[in-house]
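S.K.: Quick check, what structure comes out for this input:
(4 chains)
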2 protein chains.
Amino acid sequence: MSAAPVGTREISRHAVRAELARVAFNRFCLTGFNQVTFADLSEAAGVSRSTFLRYFGTKEDVVLFVFDPVGGVITDALDAERANQDDWSRLRNALESAVRFLVRDVQELVTILGLIEQTPALCARLREKQAEWRPEIVARLQKTTSSTDGSSVIANVRVAAALEILWIALGQWSASDGQEDLGKLLDAAFAAFSTPACQ
Amino acid sequence: MSAAPVGTREISRHAVRAELARVAFNRFCLTGFNQVTFADLSEAAGVSRSTFLRYFGTKEDVVLFVFDPVGGVITDALDAERANQDDWSRLRNALESAVRFLVRDVQELVTILGLIEQTPALCARLREKQAEWRPEIVARLQKTTSSTDGSSVIANVRVAAALEILWIALGQWSASDGQEDLGKLLDAAFAAFSTPACQ
DNA sequence: ATCGCGACTGATACTGAGTGTCAGATTAGA
DNA sequence: TCTAATCTGACACTCAGTATCAGTCGCGAT
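M.R.: Now for the predicted structure:
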């Protein structure tokens, strides 16, 4: 899941990648994502454009690769749970794991979420990643559920809704500069389904 | 809403746009979205590359511009409803309007959904459009609702969930070649929230 | 120690999306 | 019919992303 680097090669690659991303991230925040070119980035980082492009397939990935493990975190969390809970509780807990994974440095996450929010291309690519996670998450949610429901529409809808909640909550949280309690925000968001649909 | 063309200029522009899209759509289905270039399209349509690009800002829009009115359709439908219903019912009905707008020619819609599904770039751009509609839809949903809820998290989650349902239902529907009943599909999807979360 | 293999790097060339500009043709409307 | 706005094609340009190639470096085996 967390891509444990085993050879020295892997260690090096991982470290270089992190450093390139760090340099690039500063540029993005300073000048704006769209204004910065790969030529700028490679110059700033002191490597060739070719090399920079080899570490990140696209400009979006320079920012968003940190979210790659989230899908795995959610599926793992879903597996680890006691199965005798309803779907919403299990998803709520899984999202808790995702949030724990993401929130290491509050300030950094707030900054990155801000950059994403004001850059349509980044939003789009992030949604794409999210959509990639969904099938696997749906499978894990259904595995233990004894529902013999042939069509997975319900599970799909629930997972999609849960993932939307994740970003809505993160958006709200970053808008408050990381002040609000993310756990409470998640609870408030899930209340949209349990509350009897306010008149 | 539906961009009623008023001058002859507008009529012409609208017609040309439709014809270019028609020609392009055939190419896309035949060869695959990514394989077709603007040069191919403009040649096939008998106009210059410049002109083609003036009608559609991006290659994605050549396919997806037909979905542009959907946001408006949903907000209009939301306005037109009696306010004494719960959020889910109102959203369910609004989605019914969206579906009615989209399903004119069953075969055509099935084809276009198929093309979108197998082209990540199109999925991404469609999700982006969807995200653009959300704020306005949330506003309409909250306007009549007497909830003095300062934070709009709940409304946001419900709208996001409803929009996800729309695409999930359409996906399922197009997978059945337009055989299944879209209304029943929507109902089944909304059941994900009313059903007491199957064990 | 060194040899060979695989991976990393920088250089270069290329395709294709999308932007901007400009002169000439076309058309709406007075 | 005249004029002003718009449409068109041509051209030049920037930049993302792909592909190739020769040279370099590190690692493990001999």
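S.K.: Just want the most central residue of chain A.
M.R.: residue A:67 (3.9 Å; CA atoms, centre = their mean).
S.K.: got the contact list for the closest residue to that residue other than its chain neighbours?
M.R.: Spatially, and ignoring its direct neighbours in sequence, residue A:67 is nearest to residue A:129 (6.1 Å; CB to CB, 6 or more residues apart in numbering or on different chains). To be clear about C-beta, it is placed using only N, CA and C from the backbone, and glycine gets the same treatment. Contacts for residue A:129 (CB atoms under 8 Å, 6 or more residues apart in numbering or on different chains) come out as A:64, A:67-68, A:70-71.
S.K.: Low-confidence stretches in chain A?
M.R.: A:1-6, A:144-151, A:195-199 (pLDDT under 70).
S.K.: List the buried residues for the strand or helix carrying residue A:139?
M.R.: Residue A:139 is located in helix A:120-144, with elements delineated by DSSP states H and E. Residues of helix A:120-144 classed as buried under the neighbour-count rule (16 or more other CB atoms under 10 Å in any protein chain shown) are A:121-131, A:133-134, A:137-138, A:140-142, A:144.
S.K.: What of stretch A:85-92?
M.R.: Per 16+ other CB under 10 Å, stretch A:85-92 contains these buried residues: A:87-88, A:90-92.
S.K.: ditto for stretch A:176-196
M.R.: The neighbour-count check on stretch A:176-196 (16+ other CB under 10 Å) flags A:178, A:180, A:182, A:185-186, A:188-190, A:192-193 as buried.
S.K.: Stretch A:68-83 now?
M.R.: Within stretch A:68-83, the residues that count as buried by 16+ other CB under 10 Å are A:69-75, A:77-78, A:81.
S.K.: distance between it and the chain's centre?
M.R.: Centre-to-centre, stretch A:68-83 and its host chain are 13 Å apart (CA atoms, centre = their mean, to the nearest Å).
S.K.: what residues are up against residue A:77?
M.R.: Listed by CB under 8 Å, 6+ apart, the contact set of residue A:77 reads A:93-94, A:96-98.
S.K.: need the residues of chain A near DNA strand C, please.
M.R.: A:9, A:13, A:16, A:47-51, A:54-55 (CB under 7 Å from any atom of the strand).
S.K.: rerun at 10 Å
M.R.: A:7, A:9-10, A:12-14, A:16-17, A:20, A:42, A:45-55 (CB under 10 Å from any atom of the strand).
S.K.: Now the buried members of the residues you listed.
M.R.: Buried members of those, scored by 16+ other CB under 10 Å, are A:20, A:42, A:45, A:47, A:52, A:55.
S.K.: can you list the residues of chain A near DNA strand D?
M.R.: Selection of chain A residues close to DNA strand D by CB under 10 Å from any atom of the strand yields A:7-9, A:11-12, A:33-42, A:48-54, A:56-62, A:121, A:125.
S.K.: coming back round to it: so can I have TSV of the contacts of residue A:129 showing secondary structure and distance to residue A:28?
M.R.: Formatted as TSV, the contacts of residue A:129 follow (DSSP: H, G, I helix; E, B strand; the rest coil; distance: CB to CB, whole Å):
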residue	secondary structure	distance to residue A:28
A:64	helix	11
A:67	helix	15
A:68	coil	18
A:70	helix	20
A:71	helix	24
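S.K.: Can you tell me which of those residues is closest to DNA strand C?
M.R.: residue A:68 (17.8 Å; CB to the nearest atom of the strand).
S.K.: which ones are touching that closest one?
M.R.: Counting by CB under 8 Å, 6+ apart, residue A:68 makes contact with residue A:129.
S.K.: Check the gap between it and residue B:108 for me.
M.R.: Taking CB to CB, to the nearest Å as the measure, residue A:68 falls 37 Å from residue B:108.
S.K.: what's the answer for residue A:158, then?
M.R.: On the measure of CB to CB, residue A:158 and residue B:108 end up 31 Å apart.
S.K.: Tell me which of those two has more neighbours.
M.R.: Neighbours around residue A:158 and residue B:108, counted as other CB atoms under 10 Å in any protein chain shown, are more numerous at residue A:158. The numbers are 28 against 13.
S.K.: Touching, the more buried one and residue A:141? I think so.
M.R.: Yes: taking CB atoms under 8 Å as the definition, residue A:158 is a contact partner of residue A:141 at 7.1 Å.
S.K.: Export the buried ones among the residues of chain A next to DNA strand C as TSV, with columns for secondary structure.
M.R.: Shown next, in TSV, are those (DSSP: H, G, I helix; E, B strand; the rest coil):
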residue	secondary structure
A:20	helix
A:42	helix
A:45	helix
A:47	coil
A:52	helix
A:55	helix
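S.K.: Let me see the ranges of the helices in chain A.
M.R.: Assigned by DSSP state H, the helices in chain A fall at A:8-31, A:38-45, A:49-55, A:59-64, A:70-80, A:87-102, A:106-117, A:120-144, A:153-175, A:182-194.
S.K.: ok so, going back, please identify which of the buried residues of stretch A:85-92 is nearest to residue B:173.
M.R.: Closest to residue B:173 out of the buried residues of stretch A:85-92 is residue A:87 (23.4 Å), distances taken as CB to CB.
S.K.: Tally up the residues packed near residue A:30, please.
M.R.: Residues contacting residue A:30 under the criterion other CB under 10 Å number 9.
S.K.: Alright, calling it a day.
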